[in-house]
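fold the following and give me the result.
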Amino acid sequence: MDRQSQRTDDRASTTTRRRFLGAAGAASLALAPRFLPAAISSPPGEKLNIAGVGIGGMGHGNIRAMGGENIVALCDVDQRHAGGCFRDFPKAAKYIDYRKMLETQKDIEAVMVATPDHMHAPVAMMAIRLGKHVYCEKPLTHTVFEARELAKAAREHKVATQMGNRGQASEGVRFLCEWIWDGAIGPVRELHLWTDRPRRGIFDTYWPQGVDRPADAPPVPDWMTWDLWLGVAPERPYHPAYAPFVWRGWWDFGTGALGDIGCHALDAFVRALRLGPPESVEACSSPVNDETYPVSSIVTYQFPARGDMPPLTLIWYDGGLRPPRPVELEEGRQLGSYTNGALLIGDKGKMMSAGSGSPPVLIPEAKAREYKAPPKTLPRSIGHYEEWIAACKGGDPAGSSFDHAGPLTETVLLGNIALRRAMREKLARKRLMWDSESMKFPNAPEANPYVHKEYRAGWTL
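Numbering: from 1, shown residues only. From the prediction side, this is the model:
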């Protein structure tokens with residue numbers, strides 16, 4: 001999009017922009033005046049000094065996308081996995097311990113965090129308290145409590161933030177909002193979301209789930225600083241079953257299929273349907289243990305009415321499960337994509353998409369041909385990474401700032417609480433009712449300990 005088009009789109013109404021930001025707390029941010037963030041020292045037109053923590057895999061991609069700024073420091077506990085990023089940015093200072101980096105290198109203005117999920121909050125919180133702007137991969141945190149605290153800290157320290165759900169900047173998200181608000185399928189009462197993760201075929205997996213802890217304890221490789229990789233997690237021996245990447249399926253390190261994809265998949269619908277916190281959550285799954293998430297699961301959320309929008313039932317499916325085909329979908333047409341998808345059911349019709357950021361599609365085709373799409377009223381994005389960099393330099397808050405990403409992450413992680421092995425028998429008899437204000441389950445106090453976790457000795461948030 002050219003700059004003139006962006007300036008035109010930015011003149012969209014405050015009310016429309018507030019609706020797009022959507023999640024609890026974002027409205028107040030959208031109404032606030034622009035501010036020059038407390039940490040800023042690079043005004044518009046000058047380059048931002050960025051550090052990266054967790055720079056193998058997705059972190060490497062993020063840093064490359066930010067490469068037009070000054071990449072001044074890189075940190076990773078796995079020197080081999082991070083090797084490509086070190087080679088791409090040879091002038092950046094290199095670190096193993098993010099605490100040392102943040103304490104000693106004073107020119108850092110902003111920090112990109114792409115560690116395993118269990119370390120998102122500790123790294124991001126330290127950066128925020130030091131006045132650094134933060135870009136953090138999804139899900140924002142490992143626990144509901146961490147998400148609440150991180151969003152609060154970002155507001156208090158007036159830093160620019162962005163979560164790594166890149167689809168939020170897409171045209172498809174804006175189309176979805178505009179179509180839903182136009183009444184394309186009437187009031188929406190059901191939302192079905194699904195992913196193939198952790199599987200990508202009958203005999204293949206993205207990462208293992210439904211498995212027990214390995215019994216052997218191979219030596220820690222030379223390139224790995226295992227104690228720092230564990231961070232806040234309970235002590236356990238090193239094993240390649242945990243790192244790199246395959247940590248996603250372990251309770252102590254990752255957030256499973258729901259945590260991995262949920263912040264992508266749910267984001268557009270939080271905005272379009274103006275979802276705040278759910279009032280209840282329940283789950284069923286394949287066998288689950290205390291080490292890894294189940295191979296497949298179904299999680300059901302109930303949301304209360306919001307203004308003129310009726311109560312909503314949201315059902316999440318993973319591990320290859322998905323909802324029944326709607327009768328309106330013509331034979332031979334694919335429901336969503338082969339890996340991810342969404343189905344909305346309204347009083348006047350149904351709509352589907354192929355996943356995060358994908359444009360909506362009305363079904364059947366005859367209805368799609370009849371529908372006249374509304375005009376574009378929402379501001380269009382300058383780009384996911386560009387939003388954050390502009391916000392760091394005093395511009396508008398990014399589309400997935402922690403005021404939006406925090407509540408979104410809370411909703412996703414509530415589903416993981418319902419999936420805990422200890423809750424299986426309880427959920428056969430009741431739903432988990434959620435009180436967002438107190439951050440407790442009033443009808444299931446045994447679920448409250450899972451809202452947060454105990455950190456390993458020597459580590460704090």
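
only C-alpha atoms from now on, for both contacts and neighbour counts.
Noted.

do you know how far the closest residue to Met101 other than its chain neighbours is from Trp229?
Among residues not flanking Met101 along the chain, Tyr95 sits closest, at 6.4 Å (CA to CA, 6 or more residues apart in numbering). Here the distance between Tyr95 and Trp229 works out to 13 Å (CA to CA, to the nearest Å).

more neighbours: those two, which one.
When neighbours are counted by other CA atoms under 10 Å, Trp229 comes out ahead of the other of Tyr95 and Trp229, with 22 against 18.

now do the SS call for that one.
The local conformation at Trp229, judged by DSSP: H, G, I helix; E, B strand; the rest coil, is helix.

try Cys284
Classification of Cys284 using three-state DSSP returns strand.

for burial, what's the neighbour tally of it?
With other CA under 10 Å as criterion, Cys284 counts 19.

and if you look at Asp216?
9.

state the pLDDT value of the residue lying closest to it once chain neighbours are set aside.
The shortest distance from Asp216 to any non-neighbouring residue, by CA to CA, 6+ apart, is to His239 (7.9 Å). On pLDDT, His239 comes in at 97.

before we move on, the earlier item: the residue nearest to Met101 and Glu103: what is the separation?
12 Å.

likewise for Asn289?
From Asn289 to Glu103 the distance is 39 Å (CA to CA).

neighbour count winner among these two?
Just comparing Asn289 and Glu103: by other CA under 10 Å the higher neighbour count belongs to Asn289, 16 against 12.

list the residues that contact that one.
Each residue near Asn289 by CA atoms under 8 Å, 6 or more residues apart in numbering is listed here: Gly210, Val211, Asp212, Arg420, Arg421.

is it true that the first one touches Asp290?
In this case it means Gly210. No. The criterion here is CA atoms under 8 Å, and Gly210 misses it with Asp290 at 9.4 Å.

of the contacts of Asn289, which is the nearest to Met351?
Distance to Met351 across those (CA to CA) is lowest for Arg420, with 32.0 Å.

thinking again about what came up before, partners of the residue nearest to Met101 in the sheet?
Cys75 (DSSP bridges).

so who does it touch?
Ala73, Leu74, Cys75, Asp76, Met101.

how about the helices of the stretch 1-150 of the chain, start to end?
3-9, 14-21, 26-31, 58-65, 83-88, 98-104, 120-129, 144-157 (DSSP state H, counting those that start in this stretch).

so Leu335 touches Arg325, yeah?
Yes. Counting by CA under 8 Å, Arg325 is a contact partner of Leu335 at 6.9 Å.

with neighbour numbers in mind, choose between these two.
The neighbour comparison of Leu335 against Arg325 (other CA under 10 Å) goes to Leu335, with 20 against 12.

ok, the more buried one to Pro326 distance?
For Leu335, the distance to Pro326 - CA to CA - is 9 Å.

for this structure, just list every one of the strands.
Shown for the chain, the strands assigned by DSSP state E span residues 49-53, 70-75, 93-95, 110-113, 133-136, 161-163, 188-195, 280-285, 297-303, 312-318, 340-346, 349-353, 361-363, 432-433.

now the shortest one: average pLDDT?
Taken as a whole, strand 432-433 has an average pLDDT of 97.

which other helices and strands contact that strand?
Counting contacts by 3 or more CA pairs under 8 Å, 6 or more residues apart in numbering; DSSP states H and E, strand 432-433 is packed against strand 280-285.

C-alpha coordinates for the strand it packs on, CSV please?
The C-alpha trace of strand 280-285 is given here as CSV (Å, rounded to 0.1, in the frame of the first residue of the first chain):
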residue,chain,number,x,y,z
SER,A,280,-16.9,-20.8,30.5
VAL,A,281,-14.6,-23.4,29.0
GLU,A,282,-14.7,-27.2,28.7
ALA,A,283,-12.7,-29.7,26.8
CYS,A,284,-12.4,-33.4,25.7
SER,A,285,-9.4,-35.0,24.2
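
how about the helices in the stretch 351-461 of the chain?
Under DSSP H, counting those that start in this stretch, the stretch 351-461 of the chain gives helices at 365-370, 384-392, 402-418, 424-427.

show me which residues of the shortest one are buried.
So the one you mean is helix 424-427. Going by neighbour count (16 or more other CA atoms under 10 Å), the buried part of helix 424-427 is Arg424, Lys426, Leu427.

so which elements touch it?
Against helix 424-427 (3+ CA pairs under 8 Å, 6+ apart) you get strand 280-285.

what sits up against the strand it packs on?
Contacts of strand 280-285 (CA under 8 Å, 6+ apart): 294-303, 414-415, 418-419, 424, 427, 431-434.

quick one: mean pLDDT over it.
96.

direction included, what does it pair up with?
strand 297-303 (antiparallel), strand 432-433 (antiparallel).

export those strands as CSV, with columns for distance to Thr377.
Formatted as CSV, the strands paired with strand 280-285 follow (distance: least, CA to CA, whole Å):
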stretch, distance to Thr377
strand 297-303, 26
strand 432-433, 37
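
can I get the ones you listed in JSON lines with distance to Thr313 and mean neighbour count?
Compiled in JSON lines, the strands paired with strand 280-285 are given as follows (distance: least, CA to CA, whole Å; neighbours: other CA atoms under 10 Å):
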{"stretch": "strand 297-303", "distance to Thr313": "5", "mean neighbour count": "21"}
{"stretch": "strand 432-433", "distance to Thr313": "14", "mean neighbour count": "22"}
